[in-house]
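Trainee: Here is my input, please return the structure:
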Amino acid sequence: MSELMKIIMERRSYRKYKAEQISREELNTIMQAGSYAPNAGGRQSPVFVACQNAELNEEVGQLNVEILKEVQAELSKSDDPNNRMEPPKFKSAFYGAPTVVTFFAPKGWYNFTVDCCVAAQNMALAAHDLGIGSCIIARAPEVFATKRGLELQHEWGLDDTYEAKLHLLLGYPDGEAAQALPRRDGQVIVIE
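Mentor: Residues are numbered from 1 along each chain as shown. Predicted coordinates for the structure are as follows:
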């Protein structure tokens, strides 16, 4: 098995981090991996904002949990058991990660959500290769549509032509990763 396939198969999401900050060199390597992700038309449009301010990450992570609670409340009304979810039992959706990268892209541009997701995956794989844990977190569009989210976006130098797409948590893992679940049947279809 190639080293790349090993990294892909071993990488897991972490939801508990040590307080120790990752190094600037490690962050630069991870950000570079994101900047080399494929993107629509080669436009390189996504912007990656890495926040290493613990108080700010906690604040935004708490906003994210509040959005999750709203989503959970709506899903609890569903008759479909696949849509139900338990209320979150954590205070911050960022789990104490010392670095949180928020991915922004121009509003309304075709494929830019996908561009951000591909960049996040590149970064998560690079982080794993460096011994750094990661977790991709949703609800960034809703968080940055709030008054506080928009204030932060403007403070970070991004005007209203950009919108947040997702977050990537980075930090040294505090504990072991969960084992991979067995791959489910029917996930891959090949047409010849």
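Trainee: where do the helices sit along the protein?
Mentor: For the chain, the helices defined by DSSP state H occupy 3-10, 24-35, 54-75, 112-129, 140-143, 147-155.
Trainee: Nearest to residue 167, out of the ones you listed?
Mentor: helix 140-143 (5.3 Å; C-beta to C-beta). No exception for glycine: its C-beta is placed from N, CA and C like everyone else's.
Trainee: helices and strands around that closest one, which ones?
Mentor: Using 3 or more C-beta pairs under 8 Å, 6 or more residues apart in numbering; DSSP states H and E, the elements in contact with helix 140-143 are helix 54-75, strand 162-171.
Trainee: Throw these into JSON lines and include distance to residue 113, thanks.
Mentor: Below are these laid out as JSON lines (distance: least, C-beta to C-beta, whole Å):
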{"stretch": "helix 54-75", "distance to residue 113": "17"}
{"stretch": "strand 162-171", "distance to residue 113": "5"}
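Trainee: Let's have the helices of the chain in CSV, adding mean neighbour count, distance to residue 17 and mean pLDDT.
Mentor: Formatted as CSV, these follow (neighbours: other C-beta atoms under 10 Å; distance: least, C-beta to C-beta, whole Å; pLDDT from 0 to 100):
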stretch, mean neighbour count, distance to residue 17, mean pLDDT
helix 3-10, 11, 18, 90
helix 24-35, 16, 14, 98
helix 54-75, 16, 10, 87
helix 112-129, 21, 12, 96
helix 140-143, 20, 19, 95
helix 147-155, 14, 21, 97
